[in-house]
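**Q** Build me a model:
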Amino acid sequence: MVAAANPLAVEAGVEVLRKGGSAVDAAVAIQAVLGLVEPQSSGLGGGGFMIFYDAKTRQVTAYDGREKAPSGATNRLFVDDAGKPIPFYDAVLGGISTGVPGAIAMLDMAYRDHGKLEWAGLFDKAHALAEDGFIVSPRLAGMIQSRAPQASSPDAVRYFTKPDGSRYIAGDRLRNLAYAQTLERIARFGASGLLTGPVAQDIIARLHEGPRPSTMTLADLASYTPRSGPALCNPYRTYVVCTPQAPSGGPGLQIALGVLAHTDIDKRSPKDEKAWFQFAQASRLAYADRDRYVGDPAFVKVPVEGLLDPEYLASRAALIGEKAGPVTFGMPKGAPAYGPDATAEPGGTSHFVIIDTQGNVVSMTTTVESIFGSGRMVDGFFLNNQLTDFSFSPNDTDGAPAANAPAPGKRPRSSMGPAIVLTPQGKFMAAAGSPGGSAIQAYNLKVLVALLDWKMNPQDAVSLPNLVAKGDTYSADLFPDPIMTGLAARGMPLSTSRGEESGLQAVIVTPKGYLGGADPRREGVARGF
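**A** Prediction:
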């Protein structure tokens with residue numbers, strides 16, 4: 001089964017699986033298509049996190065393809081000469097916003113571990129779509145007309161303008177010959193086709209142009225290395241939930257689940273306002289801890305063991321109460337003294353789930369950060385603005401450093417948290433994930449609660465209204481009046497003016513086979529055979 005954000009990408013993935021390809025083979029083909037047909041969300045110029053379940057060994061491996069800051073970056077990357085953080089979109093549109101892209105390098109690494117079909121053939125579908133053209137979807141058309149500054153960048157305007165001077169609209173056929181040529185290099189040379197040679201030279205040249213140029217070098221690109229290792233797996237009721245490690249959104253999601261494990265939300269239902277109150281309070285507590293403590297563990301101490309300690313989680317759950325009050329971070333064992341976080345995190349992201357004929361599973365979240373990344377395009381693909389996921393303020397007013405402050409070679413914190421759920425015996429049970437900027441943590445938490453506690457099918461689970469509770473802000477879809485009224489009475493008035501929507505994908509195992517669901521807020525589908 002494949003569940004992804006665009007039918008063309010799903011088709012590519014299913015085609016690979018039908019040929020006997022592995023879940024990782026299908027992931028390569030899906031990412032290649034998504035970068036073409038959904039360039040506002042992910043692509044060759046971005047990064048991602050993948051978790052892989054091996055059906056034979058029942059082991060879950062986490063792959064980290066998060067972008068890195070160039071070696072010339074400093075902790076004052078987004079600070080002006082007066083010592084003040086620069087305006088957010090000034091940073092986004094500048095060369096300084098782009099990190100060394102890691103998605104393709106991560107897929108290359110995972111393919112070496114788990115690939116079955118010939119690497120070069122995995123790009124055939126995307127290559128054909130780029131050469132022959134693909135039909136612009138309603139969602140992409142909406143992004144082309146977006147008020148986001150990147151949609152008005154010179155590169156985006158050039159790419160999305162037809163010969164008659166009008167912008168592409170839904171139903172038009174869009175060709176991208178430059179993308180096809182870049183895929184040819186990657187098909188021939190692997191990730192080196194992107195991170196070295198002419199494509200790499202074009203990336204560096206573009207990043208050094210225009211306002212706020214980057215310090216990135218060819219050496220920064222050539223030396224990029226993804227990471228792999230055991231996933232972060234933690235019990236939740238009778239299940240085991242596995243996510244990537246820091247700096248991903250995995251630890252934050254695990255904290256939220258750990259808090260909810262001390263509530264009776266599993267005895268309630270999505271029609272119960274107290275269930276949503278418990279959900280929101282657990283979210284707020286988890287966000288507070290994540291924002292305080294999570295950064296790149298290669299640079300800062302992330303007290304994951306203390307944050308997930310059962311006693312600590314029980315003490316955090318005890319703060320839920322009956323009404324919403326102020327929420328702050330806790331003090332887990334091993335907690336360092338970090339300053340408050342000043343990270344802004346919009347999202348241009350995508351998620352997909354794949355299960356191959358052997359029962360191996362991929363759950364992968366992939367991104368270029370904002371809509372069309374930085375708005376800068378090279379050789380048919382957009383460059384990410386991932387470094388704006390760093391805290392713009394490197395220090396607190398008292399001098400305490402922010403865990404997510406920029407540094408040379410450092411990976412910014414992410415909310416991306418692809419999840420795989422196992423039975424106590426280690427058998428695969430479910431997989432899920434979502435885009436959505438900082439709201440990803442809440443979206444993923446919702447679908448896991450719906451699947452595991454409320455026993456909903458994947459389609460109903462992903463379709464549930466969203467509630468993103470962070471600090472004193474409660475942004476949400478429209479809920480039934482009794483829930484809206486009940487939450488308001490608990491000091492939790494829901495604001496229905498929203499940012500980026502969820503794009504959840506989920507798959508579960510049933511006695512009759514796999515059952516998938518795709519978020520109706522986007523264009524995704526789930527298809528199996």
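**Q** Which residues are in contact with the residue most central in space within the chain?
**A** The central residue of the chain, meaning the one whose C-alpha is nearest the mean C-alpha position (Cα atoms, centre = their mean), is residue 416 at 3.4 Å. Residues touching residue 416, when contacts are defined by Cβ atoms under 8 Å, 6 or more residues apart in numbering, comprise 48, 49, 244, 248, 249, 349, 365, 367, 433, 440. (Each C-beta comes from the backbone N, C-alpha and C, glycine too.)
**Q** between the residues you listed, which is nearest residue 123?
**A** When the contacts of residue 416 are compared for distance to residue 123 (Cβ to Cβ), residue 48 wins out at 17.1 Å.
**Q** Could you list the low-confidence segments of the protein?
**A** In the prediction, the chain carries residues with pLDDT under 70 at positions 339-347, 396-398, 498-500.
**Q** Tell me how far the nearest residue to residue 422 once chain neighbours are set aside lies from residue 455.
**A** Counting by Cβ to Cβ, 6 or more residues apart in numbering, residue 240 is the residue found nearest to residue 422 once chain neighbours are left out, at 4.4 Å. Residue 240 sits 18 Å away from residue 455 when distances are taken as Cβ to Cβ, to the nearest Å.
**Q** elements contacting the longest helix seen in the chain?
**A** Identified as the longest helix of the chain according to DSSP state H is helix 273-293. For helix 273-293, the elements it packs on are helix 250-260, helix 310-317, helix 440-452, strand 467-470, helix 481-489, judged by 3 or more Cβ pairs under 8 Å, 6 or more residues apart in numbering; DSSP states H and E.
**Q** Check these for me and report the most buried one.
**A** Highest mean neighbour count of these: helix 250-260, a mean of 29 (counted as mean count of other Cβ atoms under 10 Å).
**Q** Now do that helix against helix 440-452, angle only.
**A** Counting by axes from the mean of the first three to the mean of the last three Cα atoms, to 10 degrees, helix 250-260 lies at 50 degrees to helix 440-452.
**Q** So which residues make contact with helix 250-260?
**A** 49, 62, 231-232, 234, 236, 241, 243-245, 278-279, 281-283, 285-287, 289-290, 294, 302, 304, 307-308, 310, 313, 316-317, 320, 415, 417, 419, 441, 444-445, 448-449, 453.
**Q** Write a ChimeraX command that selects only the buried members of the residues you listed.
**A** Buried residues within the contacts of helix 250-260, by 16 or more other Cβ atoms under 10 Å, are selected in ChimeraX with:
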select :49,62,231,232,234,236,241,243,244,245,278,279,281,282,283,285,286,287,289,290,294,302,304,307,308,313,316,317,320,415,417,419,441,444,445,448,449,453
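**Q** what ranges do the strands span in the stretch 151-300 of the chain?
**A** Assignment of strands within the stretch 151-300 of the chain using DSSP state E, counting those that start in this stretch yields the ranges 173-174, 227-230, 232-236, 239-243.
**Q** got a markdown table for these, with distance to residue 140 too?
**A** As requested, the strands of the stretch 151-300 of the chain are exported to a markdown table (distance: least, Cβ to Cβ, whole Å):
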| stretch | distance to residue 140 |
| --- | --- |
| strand 173-174 | 8 |
| strand 227-230 | 32 |
| strand 232-236 | 34 |
| strand 239-243 | 29 |
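**Q** Nearest to residue 200 among those would be which one?
**A** Residue 200 lies closest, by Cβ to Cβ, to one member of these: strand 227-230, at 20.7 Å.
**Q** okay, the closest one in PDB with CA atoms only?
**A** Output for strand 227-230, consisting of C-alpha atoms alone and laid out as PDB, is shown next (Å, rounded to 0.1, in the frame of the first residue of the first chain):
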ATOM      1  CA  ARG A 227      22.600   9.700   9.700                       C
ATOM      2  CA  SER A 228      21.000   6.400  10.600                       C
ATOM      3  CA  GLY A 229      20.500   4.600  13.800                       C
ATOM      4  CA  PRO A 230      17.800   3.000  16.100                       C
END
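**Q** How many residues are close by the residue nearest to residue 422?
**A** Counted with other Cβ atoms under 10 Å, the burial measure for residue 240 works out to 19 neighbours.
**Q** was I right about it contacting residue 426?
**A** Yes. Here residue 240 reaches residue 426: they are 7.5 Å apart, a contact under Cβ atoms under 8 Å.
**Q** Phi, psi for residue 32 please.
**A** phi -60, psi -40 (degrees, to the nearest 10).
**Q** excluding its backbone neighbours, what's nearest it?
**A** Closest residue in space to residue 32, ignoring its immediate chain neighbours: residue 126 at 3.6 Å, by Cβ to Cβ, 6+ apart.
**Q** My understanding was that the one you found contacts residue 13; is that so?
**A** No. Counting by Cβ under 8 Å, no contact exists between residue 126 and residue 13, whose distance comes to 11.3 Å.
**Q** any residues in contact with both of those two?
**A** With contacts defined as Cβ under 8 Å, 6+ apart, the residues adjacent to both residue 126 and residue 13 are residue 29.
**Q** Contacts only, for the nearest residue to residue 283 once chain neighbours are set aside.
**A** When the adjacent residues along the chain are set aside, residue 283 lies closest to residue 469, with 4.4 Å between them (Cβ to Cβ, 6+ apart). Residue 469 makes contact with 279, 280, 281, 283, 284, 287, 442, 492, according to Cβ under 8 Å, 6+ apart.
**Q** quick one: residue 469 from residue 246, how far?
**A** Going from residue 469 to residue 246 by Cβ to Cβ gives 22 Å.
**Q** Widest-spaced pair of the contacts of residue 416?
**A** With distances taken as Cβ to Cβ, the most widely separated pair in the contacts of residue 416 is 244 and 349, at 14.1 Å.
**Q** Grab the nearest non-local neighbour of residue 120.
**A** Once flanking residues are discounted, residue 120 sits nearest to residue 187: 4.2 Å by Cβ to Cβ, 6+ apart.
**Q** What count of nearby residues applies to the one you found?
**A** Applying the criterion other Cβ under 10 Å, we find 20 residues in the vicinity of residue 187.
**Q** now do residue 246
**A** Residue neighbour count, defined by other Cβ under 10 Å, stands at 25 for residue 246.
**Q** does it really touch residue 302, like I thought?
**A** Yes. Under the contact definition of Cβ under 8 Å, residue 246 touches residue 302, with a separation of 4.5 Å.
**Q** list residues touching both of the two?
**A** With contacts defined as Cβ under 8 Å, 6+ apart, the residues shared by residue 246 and residue 302 are 294, 295.
**Q** circling back: right, so of the helices and strands packed on helix 273-293, which gets closest to residue 523?
**A** When those are compared by Cβ to Cβ, helix 440-452 sits nearest residue 523, at 16.6 Å.
**Q** who does that closest one touch, helix- and strand-wise?
**A** In terms of contact count using 3+ Cβ pairs under 8 Å, 6+ apart, helix 440-452 is assigned the packing partners helix 250-260, helix 273-293, strand 419-422, strand 428-433, helix 458-463, strand 467-470, strand 505-510.
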